[in-house]
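S.K.: below are the sequence and a predicted model; questions follow.
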Amino acid sequence: MAPTPTTHLTDSRAGDGPPARRRVCFTMNLRPERVDDYLAAHEHVWPEMLDALRTAGWHNYSLFLRRGDGLVVGYLETDDFDRAVAEMNATDVNARWQSSMAEYFTDPAGRGPDQTLDRLTDYFHLD
């Protein structure tokens with residue numbers, strides 16, 4: 001009898017050797033009426049913002065959008081997400097970028113977009 005395949009929780013790391021980058025996925029919520037403006041802003045991300053993300057350890061970073069309700073899904077790979085976020089939070093360019101993006105996001109508490117991201121649980125991966 002052949003073994004039954006199983007699904008398991010994963011910590012996003014591969015085998016032995018140096019730690020692999022962790023996969024991180026998160027959501028944020030745009031104001032649906034501001035989606036087009038938000039997308040236009042991302043056609044011209046500041047070069048210094050891109051450099052800061054790379055320096056802080058953000059790799060393979062992508063954003064996806066569900067237009068109907070403004071759901072943004074972000075994906076990145078990093079060695080240490082908490083450290084990568086902390087390094088970005090310590091930069092002036094990130095403070096300026098987050099300030100410029102705040103008007104596009106919904107948050108009743110008035111927090112900036114980088115403070116409202118909802119990190120998702122990585123529970124399955126297929127190479």
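M.R.: Sure thing, it's come through.
S.K.: so for stretch 67-80, what gets flagged as buried?
M.R.: 70, 72, 74, 76-78 (16 or more other CB atoms under 10 Å). Where C-beta positions appear, they are placed from N, C-alpha and C, glycine not excepted.
S.K.: ugh, typo on my part, it should be stretch 56-65
M.R.: Using 16+ other CB under 10 Å as the test for burial, stretch 56-65 gives 56-58.
S.K.: tell me which residue is most central in the protein.
M.R.: In the chain, the residue lying closest to the centroid (CA atoms, centre = their mean) is residue 74, at 3.7 Å.
S.K.: which strands and helices lie in contact with the host helix or strand of that residue?
M.R.: Assignment of secondary structure by DSSP states H and E places residue 74 within strand 71-78. Packing partners of strand 71-78 (3 or more CB pairs under 8 Å, 6 or more residues apart in numbering; DSSP states H and E): strand 22-29, strand 59-66.
S.K.: what's the first one in contact with?
M.R.: Right, the one you point to is strand 22-29. In this structure, residues lying in contact with strand 22-29 by CB atoms under 8 Å, 6 or more residues apart in numbering are 11-13, 69-81, 105-107, 113, 116-120, 122, 125.
S.K.: could you check the angle strand 59-66 makes with that strand?
M.R.: Here strand 22-29 runs at an angle of 30 degrees relative to strand 59-66 (axes from the mean of the first three to the mean of the last three CA atoms, to 10 degrees).
S.K.: phi, psi for residue 68 please.
M.R.: Dihedral pair for residue 68: phi -50, psi -40, per degrees, to the nearest 10.
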